[in-house]
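Peer 1: Have a look; sequence and predicted model below, questions after that.
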Amino acid sequence: MTRTDRKTSFFAYIFLTIFAIVMVFPFVWMFSSSFKTSEEIYEMTVIPENPSLANYEFIFNYSMFPRWFLNSMIVAVVTTISVLFFDSLVGYTLAKYNFPGKNIIFILILSTLMIPTEMLVIPWYIMVRQLKWMETYWSIMFPGMISAFGVFLMKQFMSTIPDDLLDAARIDGVSEFGIFMRIVMPLVKPALATLAIFNFIGNWNAFLWPLIVAQTPKMYTLPVGVSYFSSENLTRWELIMTGAAVSTIPLIIFFIIFQKQIVKGIAMSGLKG
Amino acid sequence: MKKALLLLLVVSVIFAGFAGAVKITFWQYYYETKVKLVDQLIEEFEKQNPGIEVEQVTFPYENFNEKVAVSVPAGVGPDVLTLFYGWIPLYVTSGYLVPLPAAEFSAEYLSSEFFPFVSKGIEFDGAPYALPTAVRALALFWNKDLFVEAGLDPETPPTTFAELVDYAKKLTKYDDKGNIIQEGLTMQPSGQGHQWIREVLVRQVGGTPYTADNRTVLYHLTAPEALKVYTDLITKDKVGYPGFLNDDVTAFRSLKAAMTIDGSFRLGTFRPLTNLKWGVTELPSMNGVKSNFASFWAHAITTNATGEKLDASIKFLKFITSEYAQKLWLEQVGELPANPNVAAAYYDHPEYGPFLKGLEYAHATFFVDETGQRQVMMDAVDKVWIQGMDPVKAFKEAAEEDQAIIDEFWSRVE
Amino acid sequence: MKISQKRIVTAYVFLAVPLVFYIVVRFYPMIYAFWLSFTNWKLVSPKQDFVGFSNFVKLFKDKVFMTSLWNTIKYVLFGVPLVIVISLFLAATLNRVKHLQWFYRLLYVMPYITPLVAVSWVWRWIYQRPPAGILNNLLMAFGLDAQPFLTSMNQSLPAIVVTTVWVNLGYCIIIFLAGLQTIPQEYIEAAKIDGATSRQSFFKITIPLLSPITVFLVVTQSITFLRIFTQVYNMTDQGSGGPLNATKPLVLYIYQKAFRSFDMGLASSATVILFLIIMGITLVQLLVLNKRVQY
């Protein structure tokens, strides 16, 4: 390594570190505030003088956070399972079958990526009311049961599967659906993992639609709950920060476990264009 | 065959149950102490009126309006519901409410059982539509410790507006850059500030906010300086500003505001705070004029209630607005009795007294769109202190927007 | 039945549920939204008349709508260049260092995956005026004046832009980094031999080679900023997009019209406008990318 190389990389690290601090500081401040008491909340200390778990106790015992947590979990898990199944099935069918209308169907599905959710929420809301789905998990979940991006992603992966493999299975007498479930699905596990992680995060963090359709606090998801809880407790910043922390912690854990897939997934979504 | 018999049995039992009792539904927004008290009241009511069953259903405050809007026209709504008095025009014109029958609720009954501003507030097009159990008024809360710190007597709060300004200035603390670090007086139009301007300051500088038929805005003509009186506290005297520590309640409860104007419902918020030593007093007078803003939630009978249900609803409405219910409401919820006879007993109470005295000279604004009309006043204050607009001009613009909301409402109704 | 016919039937069976889903949950609602935009329907009234373009006329006469449209444009114009430039430089720097790359990448992308609602409230807390807000306390510690941030007409929108840039930075960095890693090292080496400085090779080689990715990011980020809602809803007083509508974006306007005033007709017209803008930008992307095949 030459001297100039060493010098530039030294400055590079400084530059990167400064930005890293900017990126992380809000999280630090959030956690720090969540351990403070209401007397200390306006003190500008990063490490609380009398750190206390009282805010967390309050959140778990006297708020609806546990319920919201459960709601978010149900919504995110069910939609993710549905997306994995249907997106793979559609992707597989589009990649491996020949039938009239195939291209039109693919283009139509892709074109829905251009429709902003904001445009659909009003009709969805009217649908939910007319079909009396109000206050059900289904009403929160149904718009996300299939994702067009996932179809695109799975189709790409499915087309790399050799046709011989499928034909061999057919000769062995495996049913068409059996081929999909038992042979194709295991082959695309890495893609499924990426899709699952993204879909889970997306549904866990979704705000606009749950805000509109969940009418009573009982049905709120975590983000809607955080928003509602925070506006109800505007006088208690230590509680707001604790609520924010509680809704962030699962994702930070999730992220640390799956960071490789997440980074890969983001990169993939970028290179599709 | 057995199944069919069983079904028949079940059906007949259900119908027998129905035939025996009239069942009515009561809706209110969720507020813990109110819900508990109403449960208790329902139990007593059912004991006194065998044959009537009342079911209570609650919703969060934010979507109460929408629930009503969706359910009543569909015929699945409540028979009796609790609504903010400011929503009465909207509810009546949407066809949700029936007028209170004159035979049961005569003008004499209303004037003997309720404060005068109540009967005005529940009226629409000459007919009464709802009755309150409890009412609210404004008063000035002050922090006694901060008074001592500033060298003021902690037991003598300001009584006139001039004193209020003087005290507020002494009680405001700044850092060396001139930023406020402790407010002398909270300035939060989104809280009760807009009511203070509209019904108190306007009248105190000699104006009237609206014409007697409530259809024309007058405040910018009769009291063009009223907004300036308010905004001067922010821009000239610098004793506080909207959004300091987010809002007035936070500032006061975190001991960062020395005085705040708020409603009687706030007593319950401040009472449990052990580190806050507070007192409460009547709103300061100006030019010898005392004024106050009163508001209330009231119970009304909906268009769902007909026949037997209507009779049962009338009985229930009378019961939950009775003197007995009002006393319990004060003790358990902390809101002021709507009946002057009940209120009289608490006249010298250190916490309720100032509010009750305020009720005597209080006015209730006739809102056609409470949220919209509040926003107009909030915007006016923002225009002055954020954009630097002349307060007289901002007040005039507010009046125009307010008038537009009122006109729009009446154009829909007529 | 021939095998190929059987396959066709199987394909349609597999696609049946998804096709119904796309028709019922995507296409029908979209057409319905277009239809609604030509009616005067309010959720609470049975009246639903066809009113032609009068909703659109009403929108363009509505000062608040025009403000929110203009605000939305400002979000895009301030936010997109900022996030693209910063992320490009961070990605390029990150691409140069040999150690701890994964660690920095981890820290940078964290805001992107945390719930936006939580993030918004944290930033709202950071932006508070003195004595509460940490940012103002930092400014004052450096001898600067405290700023009103979210309570100011001029600073509130940029403050929300900064938060959004902070959130989206990690996403753009990862995509740029993936793009940078596909650039053949020989190109850079060759330029070096020809005597180009590293700055020259960055501007003359790296940036042009990255341009398809840059276009992609500009478009996706523009759409993200066009659809801004959650931050504003959670960072402004009572979710109003204040002060005095200074931060109110299009989607918040739509939300308020549809779910506070229940004016479904008018709100749908506003969603149609949003849709047309997004479609326009996406088509521009396709055109630009097709022209760039030479890379």
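Peer 2: Thanks, I have the structure now.
Peer 1: Number of residues surrounding residue B:212?
Peer 2: Counted by other CB atoms under 10 Å in any protein chain shown, the residues lying close to residue B:212 total 8. Every C-beta, even on glycine, is put in place using the N, C-alpha and C of the backbone.
Peer 1: which intervals of the chain have sub-threshold pLDDT?
Peer 2: This is for chain A. Within chain A, the ranges that satisfy pLDDT under 70 run A:1-5, A:269-273.
Peer 1: my question was about chain C
Peer 2: C:1, C:44-46, C:291-295.
Peer 1: what number of residues lie near residue 77?
Peer 2: Looking at chain A here, since you left the chain open. There are 15 residues near residue A:77, going by other CB under 10 Å.
Peer 1: Wait, chain B was what I had in mind.
Peer 2: Residue B:77: 21 neighbours (other CB under 10 Å).
Peer 1: On the three-state scheme, it is what?
Peer 2: Three-state assignment for residue B:77 (DSSP: H, G, I helix; E, B strand; the rest coil): coil.
Peer 1: Nearest residue to it in space, please, no chain neighbours.
Peer 2: Spatial nearest neighbour of residue B:77, chain neighbours left out: residue B:71 (3.6 Å); criterion: CB to CB, 6 or more residues apart in numbering or on different chains.
Peer 1: so that neighbour is in which element?
Peer 2: For residue B:71, the host element (DSSP states H and E) is helix B:64-74.
Peer 1: Could you identify the helix or strand that succeeds that helix?
Peer 2: Going down the chain from helix B:64-74, the next helix or strand is strand B:80-84, by DSSP H and E.
Peer 1: Sheet-wise, list the partners of that following strand with their directions.
Peer 2: The strands beside strand B:80-84 in its sheet (DSSP bridges) come out as strand B:22-29 (parallel), strand B:292-301 (antiparallel).
Peer 1: ok, which stretches of the chain are helices?
Peer 2: You didn't pick a chain, so chain A it is. Using DSSP state H, the helices of chain A run over A:3-34, A:54-62, A:65-96, A:102-111, A:117-130, A:137-141, A:148-158, A:163-171, A:176-178, A:185-187, A:189-205, A:208-213, A:222-232, A:237-271.
Peer 1: nope, chain C please
Peer 2: For chain C, applying DSSP H gives helices covering C:3-21, C:28-36, C:54-61, C:63-96, C:101-113, C:116-126, C:134-141, C:156-182, C:185-193, C:198-201, C:207-226, C:230-235, C:250-259, C:264-291.
Peer 1: got the buried residues for the shortest one?
Peer 2: So the one you mean is helix C:198-201. Within helix C:198-201, the residues that count as buried by 16 or more other CB atoms under 10 Å in any protein chain shown are C:198, C:201.
Peer 1: can you check the fourth one too?
Peer 2: Of the residues in helix C:63-96, those with enough neighbours to count as buried (16+ other CB under 10 Å) are C:65, C:67-69, C:71-72, C:74-76, C:78-80, C:82-84, C:86-88, C:90-96.
Peer 1: near chain A, which of those residues show up?
Peer 2: Among the buried residues of helix C:63-96, the ones lying near chain A by CB under 8 Å from any CB of the partner chain are C:90, C:93, C:94, C:96.
Peer 1: Just name the closest of those residues to residue A:155, please.
Peer 2: residue C:94 (31.7 Å; CB to CB).
Peer 1: got a list of what residue A:51 touches?
Peer 2: Shown in contact with residue A:51 (CB atoms under 8 Å, 6 or more residues apart in numbering or on different chains): A:35, A:36.
Peer 1: ok, so what distance separates it from residue A:238?
Peer 2: From residue A:51 across to residue A:238, the span is 11 Å (CB to CB, to the nearest Å).
Peer 1: Overlap in contacts, those two.
Peer 2: With CB under 8 Å, 6+ apart, residue A:51 and residue A:238 have common neighbours residue A:36.
Peer 1: Residue C:262 versus the residue nearest to residue B:77, what's the distance?
Peer 2: Distance from residue B:71 to residue C:262, by CB to CB: 14 Å.
Peer 1: Residue B:132: what secondary structure?
Peer 2: Residue B:132 is classified as strand under three-state DSSP.
Peer 1: Same check on the one 5 residues further on?
Peer 2: Local secondary structure at residue B:137 is given as strand here, using three-state DSSP.
Peer 1: I'd say it and residue B:355 touch.
Peer 2: Yes. Using CB atoms under 8 Å, residue B:137 is in contact with residue B:355, at 4.5 Å.
Peer 1: who touches both of the two?
Peer 2: B:264, B:336.
Peer 1: Nearest to chain A within the stretch 301-414 of chain B, name that residue for me.
Peer 2: residue B:371 (14.9 Å; CB to the nearest CB).
Peer 1: Give the full set of residues in contact with that residue.
Peer 2: Residue B:371 neighbours (CB under 8 Å, 6+ apart): residue C:260.
Peer 1: what helix or strand is it on?
Peer 2: Going by DSSP H and E, residue B:371 is in helix B:370-385.
Peer 1: how many other residues sit next to residue 179?
Peer 2: Using chain A. 21.
Peer 1: Not quite, go with chain B.
Peer 2: Per other CB under 10 Å, the neighbour tally for residue B:179 reads 17.
Peer 1: now do residue B:382
Peer 2: Residue B:382 - counted by other CB under 10 Å - has 25 other residues nearby.
Peer 1: Residue B:242 is in contact with that one, correct?
Peer 2: Yes. Under the criterion of CB under 8 Å, residue B:382 makes contact with residue B:242 at 7.1 Å.
Peer 1: Let me see the contact set for the residue of chain A found nearest chain B.
Peer 2: Chain A approaches chain B most closely through residue A:235 (4.0 Å), counting by CB to the nearest CB. Contacts here follow CB under 8 Å, 6+ apart; on that basis residue A:235 touches B:246, B:247, B:249, B:250, B:253, B:254.
Peer 1: again, only this time at 7 Å
Peer 2: B:249, B:250, B:253 (CB atoms under 7 Å, 6 or more residues apart in numbering or on different chains).
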